[in-house]
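# what follows is a protein structure lacking sequence information:
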């Protein structure tokens with residue numbers, strides 16, 4: 001995956017199970033009616049227990065290096081929007097930096113198998129003072145590696 005700008009972003013993805021399986025969640029849903037039928041979406045031959053775990057996807061935004069200047073002062077006010085499955089969260093804004101140190105963790109709750117079936121979007125923006133924020137770069141990230149691993153570190157050249 002690549003951002004469409006210059007520099008690099010360092011991040012870590014981690015899966016933290018909550019101990020409640022998708023089947024347990026489905027049993028509760030069948031009695032309350034709030035998820036009905038979702039179990040028919042899933043299948044496969046990998047560790048079903050792991051895939052059906054409910055938990056938290058943790059996206060730790062470490063830092064950025066060598067981002068392109070977006071402001072007239074030769075700097076940028078970068079932040080990151082992380083999205084998955086229709087949900088989106090934003091990091092803090094780091095003022096006047098081309099080497100932001102976000103050191104921030106964003107969490108998304110769900111079932112592992114659902115996260116594996118969609119891409120995580122990562123969009124870097126420059127916070128606008130008077131006008132709208134400018135997109136500095138974006139990428140889509142497959143989380144397929146979390147099928148077998150609990151955490152992954154990335155340093156991605158942009």
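Okay, I see it. Because the structure is a prediction, the values reported are computed rather than measured.
# can you give me the helices for this protein?
Assigned by DSSP state H, the chain shows helices spanning 22-32, 48-51, 112-116.
# just checking, what packs against the shortest one?
Identification of packing neighbours for helix 48-51 by 3 or more C-beta pairs under 8 Å, 6 or more residues apart in numbering; DSSP states H and E yields helix 112-116. In this view, the C-beta of every residue, glycine as well, is placed from N, C-alpha and C.
# contacting residues around the helix it packs on?
Here helix 112-116 makes contact (C-beta atoms under 8 Å, 6 or more residues apart in numbering) with 15, 17, 22, 42, 50-53, 55, 57, 84-85, 108, 143-144, 146-147.
# out of the helices of the chain, which gets the lowest mean score?
Among those, helix 22-32 carries the lowest mean pLDDT, at a mean of 47.
# residue 134: what's it in contact with?
70, 125-126, 128 are the contacts of residue 134 under C-beta under 8 Å, 6+ apart.
# output the lowest mean pLDDT helix or strand found in the protein.
helix 22-32 (a mean of 47; mean pLDDT, DSSP states H and E).
# distance from stretch 108-118 to the middle of the chain?
11 Å (C-alpha atoms, centre = their mean, to the nearest Å).
# tell me the buried residues in it?
The neighbour-count check on stretch 108-118 (16 or more other C-beta atoms under 10 Å) flags 108, 110-116 as buried.
# what about that stretch, start to end distance?
Start-to-end span of stretch 108-118 (C-alpha to C-alpha, to the nearest Å) is 13 Å.
# same question, stretch 69-82
The stretch stretch 69-82 measures 21 Å between its terminal residues, going by C-alpha to C-alpha.
# can you list the low-confidence ranges for this protein?
1-5, 19-46, 155-158 (pLDDT under 70).
# the strands in it, which residues?
Secondary structure of the chain (DSSP state E): strands located at 8-21, 53-65, 78-84, 87-90, 101-111, 119-126, 134-142, 151-157.
# ok, and the closest non-adjacent residue to residue 122?
residue 139 (5.2 Å; C-beta to C-beta, 6 or more residues apart in numbering).
# same check on residue 73?
Excluding the flanking residues, the one nearest residue 73 by C-beta to C-beta, 6+ apart is residue 96, at 6.9 Å.
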